[in-house]
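>>> Show me the folded form of this:
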Amino acid sequence: MLRKIRIGLATLFFVGITLMFMDITGVLHGFLGWMAKIQFLPAVLAANFLVIIGLALLTLVFGRIYCSVICPLGVLQDIFSSASDRRKGKKMRFSYKKEHTVLRYVFFGVFVLALIFGIHAIVALLAPYSAYGRIAQTLFQPLWIAGNNLLAALSERLDSYAFYSREVWLRGLPTLIVAAITLILVFVLAWKGGRTYCNSVCPVGTTLSFLSRFSMFRPVIDTEKCRDCHVCEKKCKSSCIDIANHKIDYSRCVDCFDCLDNCRFGALKYRFAWGRKASRKAEESAEAPAMEHSANSRRKFLSGAGALALGTVAAKAQMKMDGGYASILERKKPERKTPIVPPGAQGLKHLADRCSACQLCVSECPNDVLRPSTDLSRFMQPESSYERGYCRPECTRCSEVCPTGAILPITPEEKTDVRIGHAVPIRENCVVLTDGVSCGNCARHCPVGAIMMVLSDPEDPESLRIPAVNEARCIGCGACESVCPSRPYSAIYVEGHEVHGNV
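From the prediction side, this is the model:
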């Protein structure tokens, strides 16, 4: 029964988080956004102490339920491991293995140091929620959109517009490569060793292992009923059951409850196990070595707690221009001295310090403005670019979905007063001067009236007009850059601000 409940809850969380990353309507986040906020690293980065304390208490009471139910990367490992189990002759493929102590604590130490010293790329690479977010956004979402586009094409033939098509495009090649390598690594380790990644690489799993050693409820072996058949040990995907000594390594047990269902003699029970009496009954064969192990566990817990406290390729484009569609050359990204980050991020430092690079804001951006950065100092964290659209003043989706507080909630009214950058005209690219035609697209589309058309030759009243920017009014939304007809580089582009200000 416990195993069925765990599978049901794990399915709920896994499907919910996956749909949240693949959603192209913006509707699901209102129902599922809380699933992202209760993930461990987002809660730490957002300083959400209520969630952190809740997860700590959950682990102290029930063990590492988080890893087997709430964490999407943990559930993904179970899916791969379960698929491997179905192979002929592979149903009893595990055995007890000692903890990979050195490997485990090296990864944990690197993660903690990266958090303390702000090496965001390492934090993003090791964090399980962020790793799964990149997999879902870069690998799963394109397939989801392709399926949606197929339904849109079919419904259009039936004169129905229940579905609308979305373009599949590559937001960031480095992020795609990282996501693909992560997926392959997780697949190989889970296919061969079950929860090897979870118990040897994942820093969140190691953090929770300090608490799960002392959990109130845990699987316990009744030595009087045990027949030493080793079935539970051979089916334990965490390789943490040592039947020879009738012991369970609770630091690695993820409370999947598979062992309870696999024991034919009822020798394994999930029960209250605090106190010396319960421990002695559960581990009759472990005396002095067990006491030494317990002391070591406490030392590891205290040291760990102290350490934690310190701390799609684009094809030929089509763009709507003044009511019509025109085939245009692919626009190239301008060289910006300062990157642009969304309103609500407050600036580069605030975003860098709190962002987990999960790609949720990138996947949810309806205007195709956000994409993962390739800069190593902000690797895979979101930045704005206006080759495919602009940051519409009425849209606040990224601030609504961010689970870490890297992009703080902001209203449309507040957004129109935030200056994330300023427009910079480039005279030599403007079609007014290169082609001798009137334009004014940038001025017409500026939502705050920061651009006015002035004479290209002040001494000639008959000369064509070119844009001039009032930087004090410009908010850096990118509407001017997005609608500029000049190719391959726009005749006006937005330069970001390191710290955001108000108009």
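>>> Now do residue 14 against residue 169, distance only.
Using CB to CB, to the nearest Å, residue 14 is found at 26 Å from residue 169. No exception for glycine: its C-beta is placed from N, CA and C like everyone else's.
>>> What strand or helix carries the residue lying closest to residue 464 once chain neighbours are set aside?
In this structure, residue 464 finds its nearest non-sequential neighbour in residue 432, 4.8 Å apart by CB to CB, 6 or more residues apart in numbering. With elements taken from DSSP states H and E, the one containing residue 432 is helix 431-434.
>>> quick one on the thing from earlier: surely the residue nearest to residue 464 touches residue 438?
Yes. In this structure, residue 432 is within contact of residue 438 by CB atoms under 8 Å, at 6.8 Å.
>>> rewinding a little: ok, residue 14 and residue 169, which is more surrounded?
When residue 14 is set against residue 169 and neighbours are counted by other CB atoms under 10 Å, the residue ahead is residue 14, at 22 against 15.
>>> What sits closest to the more buried one if chain neighbours are left out?
Using CB to CB, 6+ apart, the closest residue to residue 14 is residue 75 (4.2 Å).
>>> just residue 144 next, same as before
Nearest one to residue 144, counting by CB to CB, 6+ apart, is residue 22 at 4.2 Å.
>>> the strands in the chain, which residues?
217-221, 241-242, 247-248, 268-272, 317-321, 324-328, 370-372, 382-384, 418-425, 451-455, 465-469, 492-502 (DSSP state E).
>>> Lowest average confidence across these, which one?
Per-stretch mean pLDDT for the strands of the chain is lowest at strand 317-321 (a mean of 43).
>>> now the residue nearest to residue 162 when sequence neighbours are not counted: how far from residue 166?
Nearest residue to residue 162, sequence neighbours excluded (CB to CB, 6+ apart): residue 155, at 5.3 Å. The gap separating residue 155 from residue 166 is 14 Å, by CB to CB.
>>> what sits against the residue nearest to residue 105 when sequence neighbours are not counted?
Leaving out its chain neighbours, the residue that sits closest to residue 105 by CB to CB, 6+ apart is residue 206, at 7.1 Å. Shown in contact with residue 206 (CB atoms under 8 Å, 6 or more residues apart in numbering): 104, 105, 107, 108, 304.
>>> redo that, cut-off 10 Å
The contact partners of residue 206, by CB atoms under 10 Å, 6 or more residues apart in numbering, come to 104-105, 107-109, 111-112, 198-200, 251-252, 300, 304.
>>> could you dump those residues to JSON lines with pLDDT, distance to residue 148 and neighbour count?
Shown next, in JSON lines, are the contacts of residue 206 (pLDDT from 0 to 100; distance: CB to CB, whole Å; neighbours: other CB atoms under 10 Å):
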{"residue": "104", "pLDDT": "94", "distance to residue 148": "41", "neighbour count": "20"}
{"residue": "105", "pLDDT": "95", "distance to residue 148": "44", "neighbour count": "17"}
{"residue": "107", "pLDDT": "96", "distance to residue 148": "38", "neighbour count": "19"}
{"residue": "108", "pLDDT": "96", "distance to residue 148": "40", "neighbour count": "23"}
{"residue": "109", "pLDDT": "96", "distance to residue 148": "43", "neighbour count": "14"}
{"residue": "111", "pLDDT": "96", "distance to residue 148": "37", "neighbour count": "26"}
{"residue": "112", "pLDDT": "96", "distance to residue 148": "41", "neighbour count": "21"}
{"residue": "198", "pLDDT": "94", "distance to residue 148": "32", "neighbour count": "29"}
{"residue": "199", "pLDDT": "94", "distance to residue 148": "37", "neighbour count": "28"}
{"residue": "200", "pLDDT": "94", "distance to residue 148": "38", "neighbour count": "20"}
{"residue": "251", "pLDDT": "95", "distance to residue 148": "43", "neighbour count": "25"}
{"residue": "252", "pLDDT": "96", "distance to residue 148": "40", "neighbour count": "26"}
{"residue": "300", "pLDDT": "50", "distance to residue 148": "48", "neighbour count": "17"}
{"residue": "304", "pLDDT": "48", "distance to residue 148": "44", "neighbour count": "19"}
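>>> of all these, which two lie farthest apart?
Of all pairs drawn from these, the greatest distance, 19.6 Å, lies between 112 and 252 (CB to CB).
>>> Look at residue 475 and report its pLDDT.
Listed pLDDT for residue 475 reads 97.
>>> Find the centremost residue of the chain, please.
Computing the C-alpha centroid of the chain and ranking residues by CA atoms, centre = their mean puts residue 358 first, at 2.0 Å.
>>> Can you tell me which of the contacts of residue 206 is closest to residue 410?
When the contacts of residue 206 are compared for distance to residue 410 (CB to CB), residue 111 wins out at 30.5 Å.
>>> if we can go back for a sec, what's the residue nearest to residue 162 in contact with, if anything?
Contacts of residue 155 (CB under 10 Å, 6+ apart): 161, 162, 163, 164.
>>> OK, contacts around the first one?
Residues in contact with residue 161, defined by CB under 10 Å, 6+ apart, are 152, 155.
>>> and it, how far is that from residue 120?
For residue 161, the distance to residue 120 - CB to CB - is 42 Å.
>>> my guess is the residue nearest to the centre of the chain meets residue 138, correct?
No. If you go by CB atoms under 10 Å, residue 358 and residue 138 don't touch, sitting 11.5 Å apart.
>>> So for residue 87, what's the pLDDT?
What the model reports for residue 87 is a pLDDT of 87.
>>> One more: the one 4 residues further on?
pLDDT, residue 91: 82.
>>> Not including adjacent chain positions, what is the nearest residue to it?
residue 85 is the one closest to residue 91 (CB to CB, 6+ apart), at 5.5 Å.
>>> quick one: contacts for the one you found?
Going by CB under 10 Å, 6+ apart, residue 85 touches 91, 92, 93, 94, 191, 194, 235, 237, 258.
>>> Pull the number of nearby residues for the fifth one.
Think residue 191. 17.
>>> State the distance from it to residue 345.
Between residue 191 and residue 345 the distance is 39 Å, computed by CB to CB.
>>> Same question for the second one.
Remark: distance between residue 92 and residue 345 (CB to CB) = 51 Å.
>>> Compare neighbour counts for those two and give me the winner.
The neighbour count for residue 92 versus residue 345, taken as other CB under 10 Å, is higher for residue 345 (30 against 13).
>>> Now do the contacts for the more buried one.
Residue 345 makes contacts with 351-352, 354-355, 361, 381-384, 398-399, 402, 405-408, 410, 418, 420, 500, as judged by CB under 10 Å, 6+ apart.
>>> any weak-confidence spans in the protein?
Within the chain, the stretches with pLDDT under 70 are 275-328.
>>> How is it divided into domains?
2-308, 320-502 (automatic domain parsing).
>>> Residue 380 reaches residue 122, doesn't it?
No. Residue 380 is beyond contact range of residue 122, at 11.3 Å (criterion: CB under 10 Å).
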